[in-house]
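Q: I need the structure of the sequence given here:
(one chain, ligands or ions: 1)
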Amino acid sequence: MKKYENMNTALIHGGISIDERTGAVNVPIYQTSTYKQDGLGKMRGYEYSRTGNPTREALEALIAELEGGEAGFAFASGMAAAAAVLSLFKSGDRVLISANVYGGTFRILDKIFSNFGITYKISDTENTDSFEKDITPDVKAVLIESPANPLMTATDIKAVSEIAHRRGLLVIVDNTFMTPYLQKPIPLGADIVIHSATKYLGGHSDLVAGLAVVNSKELAEKLAFIQNSTGGVLAPFDSFLLIRGIKTLGVRMDRHVFNAEKAAEFLSRHKGVAKVYYPGLEDDKGYAVNKKQAKNGGAMLSFELKENYDIGVFFESVELIMLAESLGGAESLVCHPSSMTHASIPEDIRKRVGITDGLIRLSVGIEDIEDILADLSQAIEKSEIKR
Ligand SMILES: *Cc1c(COP(=O)(O)O)cnc(C)c1O
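A: Below you'll find the predicted structure:
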């Protein structure tokens, strides 16, 4: 019997949260590759750590519970999780992907899975009619992100899932940006949720990890087989760190979002800013869809400076905020999507979907908002081109 109903409690007590043998309030780090067997075929539940490890298992039970799924799987990175999930498909199958998917997700389909005959098509999943038209007989799944960066476009997970299921497709949602604290794709209709746990779930920029959650026993068996066969599992110590990070997800996200809302308002009023992309702003294109399915707009936003501002100078002028890849850590980070996170997407596709060279992405951290705004303000001011 569960002793709780609510999310913040689940973050702390979910899955397997104590050590039964000693009463330790944290799951021990089982730093072992193998397990003594009591006789031929007499295992105590574990045989080899690629197949199963108690620390990883505690994390896997936790993420399954948080996402409301049947089973969870922990991988050495978000990309390893995506690769395992895409290994469910076979030669001749096609996967539809949202226009703004993570660059690495695009790359693994474009450059790796294509070698095995698994193809993809970029589909405008924001527009359900156009998405449905893309479902040809070879399409077996749709992979979406909502919001999808860097333009923070929103896809209606419920509407897309209904169409996809009617046509026999699996629905895969990359929930990295929202986390189960803000959005739960499985109750909305998704079959599989994937995460780069490197980001908000870990939350401290000290770990690379990936997670997948499936909604059925059948998918759980298939993914367990793939995880064990291909072997991209998360190490025991990193599993421990991730459990530790997840405990504070709620308090961190509340603060991240509080700061992001303030930063979005500040930037939208700034004379040097041409456009802000943040689904928490009422005039954002994704506002209505995001509001239906997520608690709020999250803590990622992008913006464009006006033409008389030099973004190179902006990136060199930020002092507190760091120019770096990644997101979701305690510290605020900025990046340049067209040359960094989304560089593996060919230029013509980038231009078509609106990832311009003037776009700046901001992962709003949990510092004092006054300091974040002061830094943005001075960096924008310095980047103005004086004629
Ligand atoms: C970072 C990221 C990934 C890849 O995860 P890694 O942990 O870096 O392998 C996938 N999807 C999204 C949305 C991401 O931000």
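Q: make it CA atoms for all contacts and neighbour counts henceforth
A: Noted.
Q: Would you mind naming the helix or strand containing Asn228?
A: Counting by DSSP states H and E, the element that carries Asn228 is helix 217-230.
Q: Okay, buried residues for that helix please.
A: 219-220, 223-224, 226-228 (16 or more other C-alpha atoms under 10 Å).
Q: which helices and strands does that helix pack with?
A: Under the contact criterion of 3 or more C-alpha pairs under 8 Å, 6 or more residues apart in numbering; DSSP states H and E, helix 217-230 touches strand 71-75, helix 78-86.
Q: any idea of the angle that helix forms with helix 78-86?
A: Helix 217-230 and helix 78-86 are oriented at 120 degrees to each other (axes from the mean of the first three to the mean of the last three C-alpha atoms, to 10 degrees).
Q: I'd like to check what contacts helix 217-230. Which residues are they?
A: 50-51, 70-73, 84-85, 87-88, 214, 233 (C-alpha atoms under 8 Å, 6 or more residues apart in numbering).
Q: Give me the secondary structure label for Val171.
A: The three-state assignment at Val171 reads strand, by DSSP: H, G, I helix; E, B strand; the rest coil.
Q: how much space between it and Met322?
A: 35 Å (C-alpha to C-alpha, to the nearest Å).
Q: who's more crowded, the two?
A: Val171 (26 against 17; other C-alpha atoms under 10 Å).
Q: biggest helix in this structure, by residue count?
A: In the chain, assigned by DSSP state H, the helix with the most residues is helix 249-269.
Q: What is the neighbour count of the closest residue to the ligand within the stretch 251-387 of the chain?
A: Per C-alpha to the nearest ligand atom, the residue of the stretch 251-387 of the chain with the smallest distance to the ligand is Ser326, at 6.1 Å. Neighbour count for Ser326, taken as other C-alpha under 10 Å: 16.
Q: Leaving out sequence neighbours, find the closest residue to it.
A: Lys199 (6.9 Å; C-alpha to C-alpha, 6 or more residues apart in numbering).
Q: Quick one: residues contacting the closest residue to the ligand within the stretch 151-300 of the chain.
A: Minimum separation of the stretch 151-300 of the chain from the ligand (C-alpha to the nearest ligand atom) falls at Ser196, amounting to 4.0 Å. Ser196 makes contact with 77-79, 176, 208-211, according to C-alpha under 8 Å, 6+ apart.
Q: What pLDDT does the model give it?
A: Note for Ser196: predicted pLDDT of 98.
Q: pLDDT score assigned to the closest residue to it other than its chain neighbours?
A: Of all residues beyond its chain neighbours, the one nearest Ser196 is Gly78 (3.9 Å), with distances taken as C-alpha to C-alpha, 6+ apart. Reported pLDDT at Gly78 in the predicted model: 98.
Q: What is the neighbour count of Gly78?
A: Residues near Gly78, counting by other C-alpha under 10 Å: 25.
Q: wouldn't it be in contact with Thr198 here?
A: Yes - the pair Gly78 / Thr198 is scored as a contact, 7.2 Å apart, by C-alpha atoms under 8 Å.
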